[in-house]
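Novice: What follows is a predicted structure for the sequence shown.
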Amino acid sequence: MKDIDGQNPSAPSDPISAWRLRAVFFFFCAGFVYVAVGLSYRQLVQNESLTKNSDNQGQRVVILPPSRGKIYDRNGYVLVDNRVRWSVKADLLALQPEFRKEYLALLKKEKERFPERRPDYDQLQQTARLNVLNAWLTKIWFVIDSTNQKAAKGTAKVKSTPDLHPEERMVHPDTLRKHLNERRALLFPLILDLAFPNSGHAVTSEEGNRSVARFIEQFPVQGPITLEADMVRSYPNGKLASHVLGYVRDTDILKGQLDDELVEKFANLQKLGYTGKKGADGIEATYNEVLSGHSGWEHWTKTSSGYNKERLEAKPPKQGADVALSLDTKIQKSAEEALAKIVDSQGKPLPAAAVMLDVNTGEILALASQPSFDPNEMADRVTQAYFDQVNSEGGWLNRSTQGLYAPGSTFKLITATAGMRAGKIDWDDILDCGPSYMVGGRAFPEHDPVGYGQVDLEKMLAVSCNVWNYQVGLKTGPENLAKEARRFGLDAPLLQKPSEHNNHSTTELPNPATRMVVPDRAYKQRIAGEPWTDGDTANTSIGQGYLLTTPLHMACLIASIARGETRTTPSIIHDPGRDGRHAGAEPIGLNTQQLNALREGMLRCVEEGTAKSVRIPGLPYAAKTGTSEYFKKGEKAHLAWIIGYAPADNPVVAFCVLVEGQLDTSTWGGKTAGPVARDMILAWRTAADKKDK
Amino acid sequence: MDNNRQGAKASYVALVFFTGLWMILPSAVRRFNREAFAEFQAPALHLVGKGRDLARYWELQSRSPEELVAAARDLARINAALELKIHSLDDARKENTRLREMLRYPQSTEFVTVVARVSVRETSSWWQRIIIRKGRSDGVRPGCPVVFGDRVIGRVSVVHLTTSEVDLVTSPGFRCTAFLEGDDQYHVVHVSGRAGLALSAPRAMVSIIPLGYNPPAGQIAKVMTTGLGGVFPSGLTLGTLEAGVQTTSEKHMQTGALTPAKELSFIQEVSVLIPKYPTAGEILLTPADTGKAEEFR
């Protein structure tokens, strides 16, 4: 078949030459090879890195904080516990459709109201999220607040959870924004603690349980709102031993020690973490590594918008180890209750400290400091008001271990020991002690205006005669006094951890005092740039002047004397196998008569001397009182001291009480500090009797 | 053959069509359909229940007169004991009311009791449900507790005109709070139903048990309602805690399995406790009333 020109219509008008066909063929082949090689390269060579990149983009690891170990007293009584915290949380991924719906409604309204203006899309999205979450929160509060009691119209009666400001019942925009920026993948906490909504507004335990029960039983099981239970720190005894126990604060667990398996396995994956807790003070801080435990983790796939999608695998966190303290809760409680009774003219508790030690082992049975704080207030988020209140009262300072004070007449034990060891006085020497003693042209007074007449060592300790000490101190000399004080460790740091336990902290309690002062000639020259005088020696001999030490040091001093040694190593950690050996301890260096006289003098102090007002019938104990002067707000005030041990014939416990007095100098060792010591001894006696039975 | 093939093809097309239609229908229509189906099904369920009762009746009729006399005697004794108990409880109730009035401590929840026969049991491994022969017309509302004597059976989940669906204690839709017998500190624990694995018995779990808790020596610990949640009266038995309470991996809480208080597969009659006034949760569950939360503020 041909057309009118005689040509075949099916034949191409311009036949393709062979080389053009080959070129096209080659071009396609080259393209195919390029694609094939490219794919092979990606599959074979880049496979690992591309898979890794894909995983990194599509997966993440969520770090789960562990709950902390418990803290017990020496008898197994729980001092720090973990309580269940019920949190109501919203699944933001499940709420996406509701967010979208609300966003579209808001957008429509916005366009109707301002047709000319370009809407702020980000703001609308944020508002939509807030609206949806607040609507859910309103429902939750409605369920929590209401009871089934009969109301006027036969409907549920609404009872608000106490003391919650309306704003605290809503989602704060900044909180939501922060969560979306930093922890979008995690559930959003609508109510962090259902039993105790918001710190500072703690409801009673029963009311808390009721809130939890109402939510569990009345709120729909299915849906985007879930209930989670985790553990938070709880201090069941409130302020009891708060300076020893300390408190915890929030920490970013990603910055802490992470699980080795986690680091190795998911080195490149994005990591998110819930807020963890870290010890901030007390044992919580110094034994943080023991108490903390190990974080767990969850491996998730994530959506393109950053929410968690599917959990692939998980490792649960491991709770921290428990710590047993040497404290005896009953003695600690009695010490704190007795301290609380010492108040100023306005009824405000005076700053004070009390310590009781086991004479043989050095374990601390009570360590109280007043004023104190409630660690429960710090367990979640401390309010500025509470922080300021404790700060203004001086409640953060642990006066037992951190407070530095002149020991006053309690130091006379050192003066007497130094004098006897230097051979300047003996136990039965009698000195004439008038109403004052002239030193360097200045009359150093006796605290009794008529003086004590003929005074030996025992009487000196019973009545706390100053003039006896001036004379003995001057005879012994400042260097011997300082040497003796150092021999008893009055300027040595205490509460050092054994080297094998040194982890984060080197001490058993945070920042024990290190600036104790045992003055000598060189010290005064260095500090004041002046030479030492006899007046300085006289002052030192009665525990005044430059001397500075802590109540814990004085408790150790008296425990050492009770054992006839020089050093006591105190410890706040309970160890049933403690052998009673004390680092650096040596025999006191007095003969039996001298040591007996020292002990008899302290017994007489309680029976007939300055501490007779706090004697305990049927339980003889030895003590030495002290009343030193210090300047408070530029005016002279008294520090009241009492140190001692009980029972007098077979010492088991040693104690020290210090009270910072008022400006009117009405504070005295036996009268003010004595009752605290008496209550502690009685508490110890009761506990010991129970144990014996 | 062709006809068969065409018929099969048509049925597939119809299935796809109706499935698609069901998916795009408005939720109100779907809800209506479900309700209509439930109401349509209700007489059949009633009939099944009645049939079972009849079978039981004839079974009893076949017993010998001696057996029936013995049963009647036992029943008379039980009745007498119950009469006595009612009398003593009446005294206790009066004393309770007097004390409450004296202390001005209001009654936490007041209930009206409705007795209902069980018509169907759906005790598959997933949903643990029963259908009872009382519904909206009898005053039953969603969320009402369902009990047998002093034992909790479950909670009403869906209410139709003459029937209601009850989530049993072992159903995944059930949860409540409880106290454990022997816990002097009255820690609140969490009881929730768990979907059982295929061919295994469904279970309920008791979680958030404090570490220090030990069941009373030599006894099986009862799990009892707290009465704090405003749904269940306090002191009802949910079941017993199975031996072998497990500590969670983090060692700060324990969990245990719950043996329901009553053999749920054989239960024939239950009581629905209808709160005199609707609970907040009930109001939230009712779609039309969701705005009431605001209204009550």
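Specialist: Now that the structure is in, tell me what you want to look at. Numbers count the residues shown, from 1 in each chain, chains lettered A, B, ... in the order given.

Novice: ok, which stretches of the stretch 101-250 of chain A are helices?
Specialist: Remark: helices assigned in the stretch 101-250 of chain A by DSSP state H, counting those that start in this stretch are A:121-145, A:173-182, A:205-218, A:242-245.

Novice: can you tell which of the ones you listed is closest to chain B?
Specialist: Closest approach to chain B among those is made by helix A:205-218 (2.7 Å; CB to the nearest CB). Glycine gets a C-beta too; all of them are placed from N, C-alpha and C.

Novice: Any stretches of the stretch 101-250 of chain B with poor pLDDT?
Specialist: Residues of the stretch 101-250 of chain B meeting the criterion pLDDT under 70: B:105-109, B:123-127, B:195-201, B:246-250.

Novice: for it, what spans make up the strands?
Specialist: B:111-123, B:128-132, B:145-148, B:151-159, B:164-168, B:175-180, B:189-194, B:203-209, B:222-225, B:237-241, B:246-247 (DSSP state E, counting those that start in this stretch).

Novice: Can you get me a residue count around A:Arg183?
Specialist: Applying other CB atoms under 10 Å in any protein chain shown, we find 18 residues neighbouring A:Arg183.

Novice: next one: A:Ala611
Specialist: When neighbours are counted by other CB under 10 Å, A:Ala611 registers 28.

Novice: picking that back up, just the helices of the stretch 101-250 of chain A: most buried one?
Specialist: Ranked by mean neighbour count under mean count of other CB atoms under 10 Å in any protein chain shown, those are led by helix A:242-245, which reaches a mean of 27.

Novice: Which strand residues bridge the nearest residue to A:Val232 once chain neighbours are set aside?
Specialist: Distance criterion CB to CB, 6 or more residues apart in numbering or on different chains; nearest residue to A:Val232, sequence neighbours excluded, is A:Arg85 at 4.4 Å. Note on A:Arg85: beta-bridge partners A:Asp230, judged by DSSP bridges.

Novice: I'd like to know how far A:Arg85 sits from A:Thr175.
Specialist: Note on A:Arg85: its distance to A:Thr175, by CB to CB, to the nearest Å, is 17 Å.

Novice: For the residue of the stretch 301-450 of chain A found nearest chain B, give me the pLDDT.
Specialist: Closest approach between the stretch 301-450 of chain A and chain B, counting by CB to the nearest CB: A:Pro316, at 3.8 Å. The score at A:Pro316 is 80. That number is its pLDDT.

Novice: mean pLDDT for the helices of the stretch 101-250 of chain A: which is lowest?
Specialist: Among these, helix A:205-218 has the lowest mean pLDDT, at a mean of 84.

Novice: What lies in contact with that one?
Specialist: Here helix A:205-218 makes contact (CB atoms under 8 Å, 6 or more residues apart in numbering or on different chains) with A:86, A:88, A:140, A:143-144, A:146, A:161-162, A:194-197, A:203, A:227, B:143, B:175-177, B:186, B:188, B:190, B:226, B:228-232, B:279-282, B:284.

Novice: so how far is it from its chain's centroid?
Specialist: Distance of helix A:205-218 from the chain centroid (CA atoms, centre = their mean, to the nearest Å) equals 30 Å.

Novice: now the angle between strand B:151-159 and it, please.
Specialist: Orientation of helix A:205-218 against strand B:151-159 (axes from the mean of the first three to the mean of the last three CA atoms, to 10 degrees) gives an angle of 50 degrees.

Novice: export the helices of the stretch 101-250 of chain A to CSV and tack on distance to A:Asn308?
Specialist: Below are the helices of the stretch 101-250 of chain A laid out as CSV (distance: least, CB to CB, whole Å):
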stretch, distance to A:Asn308
helix A:121-145, 17
helix A:173-182, 13
helix A:205-218, 23
helix A:242-245, 36
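
Novice: So for A:Arg526, which of those helices sits nearest?
Specialist: helix A:242-245 (32.2 Å; CB to CB).

Novice: Show me what from the stretch 251-400 of chain A comes close to chain B.
Specialist: When proximity is defined as CB under 8 Å from any CB of the partner chain, the stretch 251-400 of chain A approaches chain B at A:Gly296, A:Pro316, A:Pro317, A:Lys318, A:Gln319.
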